[in-house]
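Novice: below are the sequence and a predicted model; questions follow.
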Amino acid sequence: MKLQISPNMIRWIADLQHIEPQALALEFAPKKEQAFLNGIVTKTVATELAKKANIPFGYLFLQTPPVKQRVDIPDLRQVVGAEPLSRDFFEVLQDIEFKQEWFKDYLLDQGNEALPFVAQFPFHHNLNPNDVVQAILNTLGIKDFMAEIQHLSRSDYFRFLAAKFEQVGILVFRNGVVNHNNKRKLNINEFRGFALVDSIAPVVFINGADYPAAQLFTLIHEVAHIWIGKSGVSSWNQEQAVESFCNKVAAEFLMPTMVFCRHWQPENIEQSIDALAALFKVSRFAVVIKAVTLKLLDQEAIAKEREKLKLSAKSEAAGGNFYNTVKIRQSARFCDTVLNLAMSRRLPFRTAGKLLNIHADTLIPLYRATRKS
């Protein structure tokens, strides 16, 4: 049985995969390439195409591709070269907004009040990044930052900071796929993270498909958004004022200027970048951004390092089993709250499962596993 779909849909699905329509034809109909490009396919191929595009089967028969949703938080990514926000992004955003709204209602029911650090420094062009850095350190109760992180591995470093931020009231989510679907990996060229500012339940989301050391920079970058009261989708853009400011906050927080300059060797730039990345447990890209901010390198260095980072990007291992993975992908505080409420019969299992993106019958094994970890 042959079906006719619009060639526009074929081209649209190919664009979603970042390939040419001919490459899509070779994958699905290598012996009938032209017919495929004209939209003549079997029902089996049509079904696979719908899965590939992650759309309902009936959408294949639209004459024009579905219109992308409008992002309802500021898009602070680079204007030139930024990939359109995808269906995957919007599904993640909607999921996190659902979690945030539920958690905020829960906190209000518990009598929680507004967090004093949210929008503590309303953004303006004369705002000093160092003031925000010091305020963050004071809120976390950290006096000697370099001493605290000295013996941490990079993976432990992220967990250490995420736990600190969760203790003061920020939910930290980190995931490299849509929910728990490992076939739908998030694209770091699309976004690195986002922040959802709220005085009761602020949230940051880190794209876990990114290089592990880069995730650390994104974490502080997104937290800076909370302190200045600016929600947004981020990509470390230097040209956008808010993004540039949050980069400076992240760079100073993770790489104090005095220590940075002490170890910078202008006669051996590549060696300096590697040495500083190891010292501060950050990515080379983060070091380059800091060096550009200090006028030790020119802007072109960022573009060059960004290309290197794209080639080396890889997701961090989520954990040894499914239960570890769930805990890592969800905010630890959020996950523990949902599980405790479900186990004490104050939250229906079906609702708890929806909040954690798992089946309700997985809640008890997950609860037991988290108590052992």
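Specialist: Received, thanks. Bear in mind the structure is a predicted one, so any value in this text is a computation, not a measurement.

Novice: next, count neighbours for Lys143.
Specialist: 9 (other Cβ atoms under 10 Å). The way it works is simple: take the backbone N, C-alpha and C, and place the C-beta from them, glycine included.

Novice: how close does it get to Ala224?
Specialist: Separation of Lys143 from Ala224 (Cβ to Cβ, to the nearest Å): 20 Å.

Novice: how about Leu171, phi and psi?
Specialist: Torsion angles at Leu171 (phi, psi; degrees, to the nearest 10) stand at phi -80, psi 130.

Novice: separation between it and Ala303?
Specialist: Leu171 sits 33 Å away from Ala303, taking Cβ to Cβ as the criterion.

Novice: specify which residue of these two has the higher count of neighbours.
Specialist: The residue with more neighbours, out of Leu171 and Ala303, is Leu171; 26 against 10, by other Cβ under 10 Å.

Novice: in this structure, which helix is the longest?
Specialist: Assignment by DSSP state H gives helix 87-109 as the longest helix of the chain.

Novice: which residues touch that one?
Specialist: Contacts of helix 87-109 with the rest of the structure, by Cβ atoms under 8 Å, 6 or more residues apart in numbering, involve 54-55, 68-69, 71, 73, 171, 173, 175, 178-179, 184, 186-187, 190-191, 194, 196, 198, 200-201, 203, 205, 233, 331, 334, 337, 341, 355, 357.

Novice: quick one: buried ones out of the residues you listed?
Specialist: Buried by 16 or more other Cβ atoms under 10 Å: 54-55, 71, 171, 173, 175, 178, 184, 186, 190-191, 194, 196, 198, 200-201, 203, 205, 233, 331, 334, 337, 341, 355, 357, out of the contacts of helix 87-109.

Novice: so which of those residues are in strands?
Specialist: When the buried ones among the contacts of helix 87-109 are checked against strands using DSSP state E, the ones located there are Leu171, Phe173, Asn175, Val178, Arg184, Phe194, Leu196, Val203, Phe205, Val233.

Novice: any chance of those in TSV, plus distance to Phe285 and pLDDT?
Specialist: What follows is those, written out as TSV (distance: Cβ to Cβ, whole Å; pLDDT from 0 to 100):
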residue	distance to Phe285	pLDDT
Leu171	26	98
Phe173	22	96
Asn175	21	94
Val178	25	89
Arg184	25	87
Phe194	19	94
Leu196	24	95
Val203	24	97
Phe205	19	96
Val233	18	84
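
Novice: thinking Glu305 is in contact with Ala291, fair?
Specialist: No - with contact defined as Cβ atoms under 8 Å, Glu305 does not reach Ala291; the gap is 9.8 Å.

Novice: can you pull out the strands in the stretch 201-350 of the chain?
Specialist: Secondary structure of the stretch 201-350 of the chain (DSSP state E, counting those that start in this stretch): strands located at 203-207, 232-234.

Novice: ugh, wrong one, I meant the stretch 1-150 of the chain
Specialist: 2-4, 40-42.

Novice: please identify the most buried of those.
Specialist: Ranked by average neighbour count under the criterion mean count of other Cβ atoms under 10 Å, the strands of the stretch 1-150 of the chain are headed by strand 40-42 at a mean of 18.

Novice: mind listing the strands that one pairs with, and their directions?
Specialist: Paired strands of strand 40-42, with direction, are strand 2-4 (antiparallel) (DSSP bridges).

Novice: ok, now which ones touch the nearest residue to Arg350 once chain neighbours are set aside?
Specialist: Excluding the flanking residues, the one nearest Arg350 by Cβ to Cβ, 6 or more residues apart in numbering is Ala360, at 5.3 Å. Shown here is Ala360, whose contacts under the criterion Cβ under 8 Å, 6+ apart are Phe349, Arg350, Ala352, Gly353.
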